[in-house]
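A.B. asks: Dropping the sequence and predicted coords here.
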Protein chains: 4
Amino acid sequence: MQRSTRTLISVDLTRSARSQPVLHNRWHPDLLPVASVHPGEVFRVECVDWTGGQIANNDSAEDVLNVDLTQVHYLSGPIQVEGAEPGDYLEVEILEIQPLQGHEWGYTGIFDVKNGGSFLFDYFPRAAKVIWDFEGIYASSRHIPGVRFAGLIHPGILGTAPSQELLNKWNHREADLLATDPDRVPPLAYLPDHKGSFLGALENNPGVARRIAVEAARSVPPREHGGNCDIKNLSRGSKVWLPVYVPGAKLSVGDLHFSQGDGEISFCGGIEMAGAITLKTKLIKGGMALHGNLRNPIFMPGPVEPRFSKYISFQGISVDEHGVQHHLDATLSYKQAVLNCIDYFKRFGYTGEQIYLLLSSCPCEGRVNAIVDVPNACCSISIPTEIFDFDVTPKNGGHLVKITTNCPVQALPAKL
Amino acid sequence: MQRSTRTLISVDLTRSARSQPVLHNRWHPDLLPVASVHPGEVFRVECVDWTGGQIANNDSAEDVLNVDLTQVHYLSGPIQVEGAEPGDYLEVEILEIQPLQGHEWGYTGIFDVKNGGSFLFDYFPRAAKVIWDFEGIYASSRHIPGVRFAGLIHPGILGTAPSQELLNKWNHREADLLATDPDRVPPLAYLPDHKGSFLGALENNPGVARRIAVEAARSVPPREHGGNCDIKNLSRGSKVWLPVYVPGAKLSVGDLHFSQGDGEISFCGGIEMAGAITLKTKLIKGGMALHGNLRNPIFMPGPVEPRFSKYISFQGISVDEHGVQHHLDATLSYKQAVLNCIDYFKRFGYTGEQIYLLLSSCPCEGRVNAIVDVPNACCSISIPTEIFDFDVTPKNGGHLVKITTNCPVQALPAKL
Amino acid sequence: MQRSTRTLISVDLTRSARSQPVLHNRWHPDLLPVASVHPGEVFRVECVDWTGGQIANNDSAEDVLNVDLTQVHYLSGPIQVEGAEPGDYLEVEILEIQPLQGHEWGYTGIFDVKNGGSFLFDYFPRAAKVIWDFEGIYASSRHIPGVRFAGLIHPGILGTAPSQELLNKWNHREADLLATDPDRVPPLAYLPDHKGSFLGALENNPGVARRIAVEAARSVPPREHGGNCDIKNLSRGSKVWLPVYVPGAKLSVGDLHFSQGDGEISFCGGIEMAGAITLKTKLIKGGMALHGNLRNPIFMPGPVEPRFSKYISFQGISVDEHGVQHHLDATLSYKQAVLNCIDYFKRFGYTGEQIYLLLSSCPCEGRVNAIVDVPNACCSISIPTEIFDFDVTPKNGGHLVKITTNCPVQALPAKL
Amino acid sequence: MQRSTRTLISVDLTRSARSQPVLHNRWHPDLLPVASVHPGEVFRVECVDWTGGQIANNDSAEDVLNVDLTQVHYLSGPIQVEGAEPGDYLEVEILEIQPLQGHEWGYTGIFDVKNGGSFLFDYFPRAAKVIWDFEGIYASSRHIPGVRFAGLIHPGILGTAPSQELLNKWNHREADLLATDPDRVPPLAYLPDHKGSFLGALENNPGVARRIAVEAARSVPPREHGGNCDIKNLSRGSKVWLPVYVPGAKLSVGDLHFSQGDGEISFCGGIEMAGAITLKTKLIKGGMALHGNLRNPIFMPGPVEPRFSKYISFQGISVDEHGVQHHLDATLSYKQAVLNCIDYFKRFGYTGEQIYLLLSSCPCEGRVNAIVDVPNACCSISIPTEIFDFDVTPKNGGHLVKITTNCPVQALPAKL
């Protein structure tokens, strides 16, 4: 009578990601399913970290500087869902997520501007890294003293396979964008690239693998099928409705984060880790047409997100750092809010890199407060005050706390 | 011994806003204070609605169509804060907000594209209006059946007076923007305009009033001093730190909202009302330099926001409705999330206008989920499911609920 | 078209409670309704404080020591609800509660053991009083420095009139209890007492009033009809289902509290105030039989209770202060938890009276954690840590904060 | 550099609990530590279920009927904490709790009145059992259809070893109580009983084991050292401060619950399971004297408890089911609230046993609302409405939902 949760996909952190055919790092309709589930079944999927083990638990950012981004993201799957057909909604319930036992750590990095960059690449162009230790639900870092928080654990990536038609659409539109400024650093988009690609069991058939690799979509952006949404609120107990484009849905998951701030601003962001996720699926037959033919997934956050009662919030408007007025630009407004926040916390003795990495990792909220008050969009970033050991509110006389770090975050020299 | 809360500014809703010298509708350093407070004092300020009574509690949107936007926003103040000097932070604690007794109603409108427009002016170019009735903390509308929610009551506008130098900076940068496309409808920005301006007690001196009116900043956008931030979380119990630019700070407040969704997307958004706000101030001497010389205010939300446990969330990415790929454009991504949400709720029988106005009014969350996954920013809008009378989650077979409205929202013919 | 909230009952705080026929202080089926409402109507009811103005905003507890408890509680009503019949459930929605404008203060007291007593009358037998000042949603006291909190505003009393049969049952069972120890101080129960009674409009007819006064139930305990439940969570937005025993239901309300801790342990507890409450009713016809013939009301707390993220909790078990073991006695266990809590906070320099009054007033939680682990019931009291200005968690070296009070709480000499 | 969480104590669910010397089921100062930790170390402890595997995942309550209660509770430990001395506070942080992988289920039972009984043994004297399946953070049961909820996972028991002096005090006071009614069924207390005792490594020395078994305290009640507190809020991220009575503190833990309602009313209550708990300790030297010499532990709940926004609440007062009035009896009032709640939910088709077991298991809140309104204490039980698939609020016409159970809960015949 005893029922236990089946481990559908196992990974081995002591082996190369590229030697494990349950993984893949591109989106394509023809990838081979590595396992099959029936709707209603509870199953557990193990995942490597997004880079497939390229980043180590040490105090040097050399590995972040030199990370091979053509290989990201290593995902577990695809998983065949019995009965799923194009036009259905695949309801996926995220039942549990955990670090792998014995691997209770994660990392957050800033990429060098010449190798990926990040949201504030103009301010923080050099590679840096912090390591987080997990103590059960909590994370803390020897590289950012004075903070500790409960993780808002979630998968950065959860998605179904695109149809060939949808894949073609992605490739065309992203190529069109890239063509507008092909030499930009960092690039405007990442087009298909057979270099670094890993297609799981298809790698046994080099001819097929090569054909697919040259057109398979990179996993970097979120798209219609879900993918790299990096939504921190897809945590324990949440549900997401993903469109189905191919028979069996071909669900993949990975890029697990122990925590993340809204925006995932440092790109190698959130707290990246290997881990296991427990899922359950349900089919809503013909669900897309029935619910409005939406262009993107729907989701419902879960009931056990960390609860904070106080936040300190920083605003930004659509005026850039040079005083130039832009029109309702929420990206710019959010950037200004983040810059304000970084300036504020530097007064406690933190370096800019430390705060930048913290905002990328801790459960901070990024909001579009107002998007109609021309010409300024108002955006804000809100940080739970409880994650700090000390009082962070504005004070008469300013702040007396001065953080010093035994194991400082070092931004590396520029990538050649 | 008994201490009561002093009413510092009273308004009379039966009289024209322009006849009440405790009001003004422009930002300028030379406005005359209408009252004075000392730090630590608790005081109550009454406010008219932002249009100064142009909108009536009825079922026609004619008044929204023809609203005179040169007159907005009517603010209460300025209030002199004893001892405030340029460079200080003025801490303002929002202690309570209430509708005025006997006026327990508010409105939300869509402006015609030729008279203000809104976030989705390309989809909803025609004027429309809904009326909300307040039952204590709750709002419901005869124009949007099936919903009821606890308000997240807050001031849309709270700001200090700019210095002449700051004012000049605003005017220059906004003029520069406007010049890039001066004929755009709706306009890219609202420059100073003596037409419609109302400068409180200064109106007794027409020469001075005229001189100031031609350079006083419009109240439409949020700026460095706060202003029209439209942050729904500045509710009861919150604190905001505003920079002080002129002696006495010259604090003004208005544009009270019974509730608002993130983005305030319909522009005549949130639930606009007349009301009273209770405030308390504190000075952080020299606070700006001590805390990082931030370009925008800091705030902390309060402890009594409505508590919801379930949200349904819609994503958007930086691909527009025509399939064109943009680069990390959070404004566009948020627009797509909103459009997805509207499509979804239309399946229940609502019109697009109803959902558009609802999202502008109810306590929905607008988030910048990820801003680094090139080329797509991921944004989302999350609606508390409890505000609906019926189950709104995706369902096998689709939804059976069909809303009908006795008193429908009518989008008016185009403004001539 | 404009709809406003009707003020159904007004009070005048400058006049004696006994001169205002919209008030009464006893429960009886024959009280005369003072107003009538139809189900669905939103109405506002003003209330005096429970003592009818016997307690003043000053620093002496003389008024608490000498309070005339035969007069409590002055309630507003009864209100006739059209169509209500015995056997119905009267759904009452609490839409808003506010102090009366100009009277933004309240009080908490400890009664002398000879005049009412309290939960810990054996430890705190002497009268004491603290005054609370309201700053919008917040309360603070010159008598208890170092604390400030958002109120959890609610009515201590909300009830329908009993039938004659139910009234008789109350009187018999309480008389039976009193007879088991008639001389106990404080008394085991308060039987009907014409002394001090005030029956509203019936006072115009002394003969009838006298007949009713000798059998009308005192308002002290909660009973089947609701009454003095003192449930702090009946705050803004909550609903309660009250049984109807007489035609028209005859709803009364009063004993408003700006805040209260679970247990209301000091008896003159919570933060007592005059104020206004906004209500709406609905009838569930024949609801009692349909829902299980429950012996007590049902309720649902509202959505805007103050949100705290951290609590410090103290346990108690069924072993009394003399080391004697009792059997699953939750009252005793809760008493032990409270005593532990008081001992703990004394280390910060507070007097026992200050903490006792604070626990009676602040939004602390009193829980029955375990009631089966013979012989010990485990109960706990949890205090939100944020209400204090300083860190209250256990510390190496103990606590360094030492509170001093300019305006100390004085326990008066014993009542003669 | 990689740091992982050490598993300090492992258990083997395929072997008898009595064969595993890392377990014990009595409290005594002379138990032998099975492991040692230094303050600040993060460690993981596996635990069997409280009965040591006596209850199976099936549909018969025979095992609950015949459970050997002399053997409970099997705890993991004792754990030596380096440097701990009598008079210290041992701060224990609960960092994570999980079911054991492959054992994702638990149970809740009602004991027969002749073999343990429960809170409502007079209403539910017969043994019954429900099985819960865990789907990640959620629990549901084939025996109670229509409900599903996120667990509030916690240890029922966490305690330090008593000193000999404290042990003697326990034994005397509980013997005194038992002597007042030695034949009561169920018994008033459980005195030391060598039958069934299991003392871990001491069992290798039968003479010593026998000496200790006759005086070692049973694990049933909570006491000064913590022990069987059954506080549902000691979940992930919480902290508890336990008094230290013997060198090394000798910490033990067990009786893990996937969830529990306040009161744990069915005794074999909460959702009993085997699992693993991750802990970290800190010493507060001399902490007891510094913090008030409290008679019971202090704790702080953690930040990731399930979040519910709506509760339906049932009141109870100190009048028993026969109409007899008692004096401020919170135990009786809570019993009445529970009985009201059970009557209410029976209208949906549930049996009394189903609701009784549900209230014992789900995260419901048990409150002491008012403890001073003589003669009635007001207590309440509040159930999150979201745990039900259907609307549970009172309705005109009553409820139409009728639950039927394929796998019903059967109350067994009486134990002989």
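C.D. replies: Good, I have the coordinates. Numbering: from 1, shown residues only, chains lettered A, B, ... in the order given.

A.B. asks: And for residue A:408, the neighbour number?
C.D. replies: Residues near residue A:408, counting by other Cβ atoms under 10 Å in any protein chain shown, number 17. Just so you know, the C-beta spots here come from the backbone N, C-alpha and C atoms, and that holds for glycine as well.

A.B. asks: doesn't residue A:77 make contact with residue A:36?
C.D. replies: No. Applying Cβ atoms under 8 Å as the test, residue A:36 and residue A:77 come out as separate, 11.0 Å apart.

A.B. asks: Now residue A:117. Its backbone dihedrals?
C.D. replies: Note on residue A:117: backbone dihedrals following degrees, to the nearest 10 are phi 70, psi -170.

A.B. asks: In space, what's closest to it - neighbours in sequence excluded?
C.D. replies: In this structure, residue A:117 finds its nearest non-sequential neighbour in residue A:186, 3.4 Å apart by Cβ to Cβ, 6 or more residues apart in numbering or on different chains.

A.B. asks: ok, the one you found - contacts?
C.D. replies: Contacts were defined as Cβ atoms under 8 Å, 6 or more residues apart in numbering or on different chains; by that measure residue A:186 touches A:111, A:113-114, A:116-117, A:121, B:374.

A.B. asks: Buried members of the residues you listed into PyMOL, please.
C.D. replies: Here the buried members of these are turned into a PyMOL selection, burial being counted by 16 or more other Cβ atoms under 10 Å in any protein chain shown:
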select buried, (chain A and resi 111+113+116+117+121) or (chain B and resi 374)
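
A.B. asks: Next step: the contacts of residue A:186 restricted to helices.
C.D. replies: Within the contacts of residue A:186, no residue falls in helices by DSSP state H.

A.B. asks: element containing the residue nearest to residue A:117, please.
C.D. replies: Counting by DSSP states H and E, no helix or strand carries residue A:186.

A.B. asks: Could you tell me the per-residue confidence at it?
C.D. replies: Listed pLDDT for residue A:186 reads 95.

A.B. asks: That one and residue A:339, how far apart?
C.D. replies: Computed as Cβ to Cβ, to the nearest Å, the residue A:186 to residue A:339 distance reads 19 Å.

A.B. asks: How about whichever strand or helix holds residue A:314 and chain B, any contact?
C.D. replies: Under the criterion of DSSP H and E, residue A:314 resides in strand A:311-316. Yes. Applying Cβ under 8 Å from any Cβ of the partner chain, one finds strand A:311-316 in contact with chain B at A:311-316.

A.B. asks: Now the element after that strand, going C-ward?
C.D. replies: Toward the C-terminus from strand A:311-316 - assigned by DSSP H and E - lies helix A:330-346.

A.B. asks: Looking at stretch A:211-231 now, give me its mean pLDDT.
C.D. replies: Rounded to a whole number, the mean pLDDT of stretch A:211-231 is 98.

A.B. asks: Could you tell me the end-to-end distance of it?
C.D. replies: Here the two ends of stretch A:211-231 are set 32 Å apart, with distance taken as Cα to Cα, to the nearest Å.

A.B. asks: And chain B, is it touching that?
C.D. replies: Yes. Taking Cβ under 8 Å from any Cβ as the criterion, stretch A:211-231 and chain B are in contact, through A:220-224, A:228-231.

A.B. asks: same question, stretch A:232-243
C.D. replies: Yes. Stretch A:232-243 lies within reach of chain B by Cβ under 8 Å from any Cβ, at A:232-233, A:241.

A.B. asks: Can you measure across that stretch, start residue to end residue?
C.D. replies: Using Cα to Cα, the span of stretch A:232-243 from its first residue to its last is 20 Å.

A.B. asks: All the helices of chain A, in order from the start?
C.D. replies: With DSSP H as the criterion, chain A has helices spanning A:62-65, A:164-179, A:206-213, A:287-290, A:330-346, A:352-361.

A.B. asks: from the contacts of residue A:186, which ones fall inside strands?
C.D. replies: The strands, defined by DSSP state E, take in nothing from the contacts of residue A:186.

A.B. asks: Mind putting the contacts of residue A:186 into CSV with pLDDT and distance to residue D:68?
C.D. replies: What follows is those, written out as CSV (pLDDT from 0 to 100; distance: Cβ to Cβ, whole Å):
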residue, pLDDT, distance to residue D:68
A:111, 96, 61
A:113, 96, 69
A:114, 95, 70
A:116, 95, 62
A:117, 96, 66
A:121, 97, 67
B:374, 97, 64
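
A.B. asks: before we move on, the earlier item: of the residues of stretch A:232-243 next to chain B, which is the most crowded?
C.D. replies: Result: residue A:232 is most packed of these (other Cβ under 10 Å), 29 neighbours.

A.B. asks: Next, give phi and psi for that residue.
C.D. replies: Torsion angles at residue A:232 (phi, psi; degrees, to the nearest 10) stand at phi -60, psi -20.

A.B. asks: Roughly how far does it sit from residue C:268?
C.D. replies: Going from residue A:232 to residue C:268 by Cβ to Cβ gives 48 Å.
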